[in-house]
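Engineer: would you be able to build a 3D model of this:
(2 chains)
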Amino acid sequence: MAEEKSMMKKEKALHGIYEQHILTDVGARSVYKNGKRVGYCINILINYYRGLPLSCIDSIELWVDGEQVRPEDITCQTNGKEYPYLKLLSDDMETDTYWLFGDYMRLTIAKEGGITPGAHEVRIRLGTRRSYTPTLVSECTKIITFA
Amino acid sequence: MRTNHDIKRGVSLYSYQNHYYFKKMSLEDCIAAVADLDAEGFEIMPEMMIPEFPHISDDFAAKWHGWMQQYDVTPIALTHFADRLMWKNRQMTDDELYERSVLYIKAANKLGCKVIRLMHSYHGGKPNASSMYISPCDLINPKIVERLLPVCEEYDVTMALECHAPTSIDDPCHQEYLEVAEKTGIKRVGLMADMSSFQIKDSKASRDFHVRKGGNPDIIDYLREVGSRKHRGEEIDLDEVRAYLKEHNANEIDWAYFNSRVEFAMVATTNETLKKYASQLVYIHAKFLWAEEDGTIEEIDYPGAIKALQEGGYKGFINSEFEGNRWMSDLGLTPEIEMVRRQHVLFKNLLGY
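Structural biologist: Next up, the predicted model:
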């Protein structure tokens, strides 16, 4: 419906305000366990003017150097809590932990060997539900330098 | 600064969101900025600026009330949201939304907020063929409000039904909510005006943004003028406008501007209507997107609106809600503090204090 498309475009412009800031290079590095690189992490910011319960994250899709990261390899850590990404999408995900406005969520991606230090192209598509508008899907692509 | 004035100046801290997001200002800094305006109070969006929400500690509350005393400001309102779509494959039931809304009411009470901005089902009007507003679900319906009324009575909080464009205070759809208050005799819900319903022209912030993105200035200005006429209730021949655009080789940005600023431009509610409803309003968002240094705001007739509120007997807060940042994020950190300061220059002139 034409009005819906218009509304979506308007919402994109309106809430695109934070879109370009989702990806940050803060603390972008490999992750270690017992002296071995077992993955890598990146810190992201929310695409909305308020914090949301983690259950309101509709989708996180990630591509690193053109290759899509498997959902099951992603862990989300924020506000003192840590959850596998797929747990956020479950029907019984708790509703009291917020991804706070302006605060980092650390995405840890399980990968043997971690990530090679240096610049990598990272692309994220982040969907968040806020109920009074259709789900907002924001896209951000950046060259991130990993330690 | 607290006074006995009927109409009190304030700020919704939503106006300072970029400064908060980019860690330029803390919550306390934002409250101090409100005090610097000699304004009386503010609205807090706890999900933006209070990390402990929804379970606010006694320690935080003590610190908060200390700030209220130190800065001599009133936390008049707290912003409620209705997250019906709480899970990907499951929605909140009315019971669950009721429970969650109680958390906002309790938080408001703990922080000393007498009003909560309620996100009711018709926050953006009733979705219909001519409405741009499409919520994917029901928000807070009258049945839930009826259950919340005694809770509000217990916690000394009033629910403000925010009537945001494309709806307005005189839209009959809001009456359903007022009727449940009448029925129960618990008068803890009322109408709240958002000045977006009174918009008579597109803002300079939006106009400039579209030009920066590649819109043709002459076409954008032409569309802005036509849009303004539509806002003021004039019948506009849209086909004539489309013909103009084709004739002048309008580009994608020009067409997008036509779509959002002309085609779907809402007919503004009049100041006469505002005067008629003034005495029953419980709260007001003074929406704006750009202010000149002398306080001039093109998009809404604030001189006329404030006069209407005074003549109509409004008693309550009129809180700045700056939203220009959405059209200025490409220019670096939006001067939110300065913009709100300018609106208060205007309000001080209009109110006399």
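Engineer: so how far is chain B from the closest residue to residue A:72 other than its chain neighbours?
Structural biologist: Using Cβ to Cβ, 6 or more residues apart in numbering or on different chains and skipping the chain neighbours, the partner closest in space to residue A:72 is residue A:86 (6.1 Å). The way it works is simple: take the backbone N, C-alpha and C, and place the C-beta from them, glycine included. To chain B, residue A:86 is 10 Å away according to Cβ to the nearest Cβ, to the nearest Å.
Engineer: pull out the CA atoms of the longest helix along chain B and give them to me as CSV.
Structural biologist: Scanning chain B for the helix with the most residues, using DSSP state H, yields helix B:94-111. Extracted in CSV, the C-alpha atoms of helix B:94-111 (Å, rounded to 0.1, in the frame of the first residue of the first chain):
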residue,chain,number,x,y,z
ASP,B,94,-3.7,-7.3,27.9
ASP,B,95,-2.9,-8.6,31.3
GLU,B,96,0.8,-8.5,30.6
LEU,B,97,0.6,-5.0,29.2
TYR,B,98,-1.4,-3.9,32.2
GLU,B,99,1.3,-5.3,34.5
ARG,B,100,4.1,-3.6,32.5
SER,B,101,2.2,-0.3,32.6
VAL,B,102,2.0,-0.5,36.3
LEU,B,103,5.8,-0.5,36.4
TYR,B,104,5.8,2.9,34.7
ILE,B,105,3.2,4.2,37.1
LYS,B,106,5.2,3.0,40.1
ALA,B,107,8.4,4.5,38.7
ALA,B,108,6.5,7.8,38.1
ASN,B,109,5.4,7.8,41.8
LYS,B,110,8.9,6.9,43.1
LEU,B,111,10.4,9.8,41.1
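Engineer: dump the residue contacts of residue A:120.
Structural biologist: A:64, A:65, A:143, A:144, A:145, A:146 (Cβ atoms under 8 Å, 6 or more residues apart in numbering or on different chains).
Engineer: and what about it, helix, strand or coil?
Structural biologist: Following DSSP: H, G, I helix; E, B strand; the rest coil, the label given to residue A:120 is strand.
Engineer: need the strands for chain A, in chain order.
Structural biologist: In chain A, the strands defined using DSSP state E lie at A:29-33, A:36-44, A:52-53, A:57-64, A:67-68, A:74-78, A:81-84, A:98-99, A:105-110, A:118-128, A:136-146.
Engineer: these two touch, right, the residue nearest to residue A:72 and residue A:70?
Structural biologist: No: Residue A:86 lies out of contact with residue A:70 (Cβ atoms under 8 Å); the separation is 10.1 Å.
Engineer: so how far is the longest helix of chain B from its chain's centroid?
Structural biologist: What separates the centre of helix B:94-111 from the centre of its chain is 21 Å, taken as Cα atoms, centre = their mean, to the nearest Å.
Engineer: could you do stretch B:280-294 as well?
Structural biologist: Between the centre of stretch B:280-294 and the centre of its host chain there is 8 Å, according to Cα atoms, centre = their mean.
Engineer: again, but for stretch B:210-228
Structural biologist: When C-alpha coordinates are averaged (Cα atoms, centre = their mean), stretch B:210-228 and its chain have centres 25 Å apart.
Engineer: and the contacts of residue A:120, which is closest to residue B:31?
Structural biologist: residue A:144 (35.4 Å; Cβ to Cβ).
Engineer: thinking again about what came up before, ChimeraX command for the buried members of the contacts of residue A:120?
Structural biologist: Listed next is the ChimeraX selection for buried residues among these, using 16 or more other Cβ atoms under 10 Å in any protein chain shown:
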select /A:64,144,146
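Engineer: got the contacts of residue A:120 as TSV, with distance to residue B:151 and pLDDT columns?
Structural biologist: Supplementary listing: those in TSV, determined by distance: Cβ to Cβ, whole Å; pLDDT from 0 to 100:
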residue	distance to residue B:151	pLDDT
A:64	48	98
A:65	53	98
A:143	51	98
A:144	47	98
A:145	51	98
A:146	50	98
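Engineer: adding distance to chain B as columns, could you present the contacts of residue A:120 in TSV?
Structural biologist: Converted to TSV, the contacts of residue A:120 look like this (distance: Cβ to the nearest Cβ, whole Å):
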residue	distance to chain B
A:64	24
A:65	27
A:143	19
A:144	19
A:145	21
A:146	23
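Engineer: residue B:16: which of the contacts of residue A:120 is nearest?
Structural biologist: residue A:144 (28.7 Å).
Engineer: would you mind measuring from the closest one to residue B:210?
Structural biologist: Applying Cβ to Cβ, to the nearest Å, the value for residue A:144 to residue B:210 is 31 Å.
Engineer: and if you look at residue B:78?
Structural biologist: With Cβ to Cβ as the criterion, residue B:78 and residue B:210 are 34 Å apart.
Engineer: any idea of the pLDDT on the residue of chain B most remote from its centre?
Structural biologist: Most distant from the centre of chain B: residue B:247, at 38.0 Å, with distances by Cα atoms, centre = their mean. You'll see residue B:247 listed with a pLDDT of 97.
Engineer: now do the same contact list for it.
Structural biologist: Residue B:247 is in contact with no residue at all, counting by Cβ under 8 Å, 6+ apart.
Engineer: give me the phi and psi for it.
Structural biologist: Reported as degrees, to the nearest 10, the phi and psi values for residue B:247 are phi -60, psi -40.
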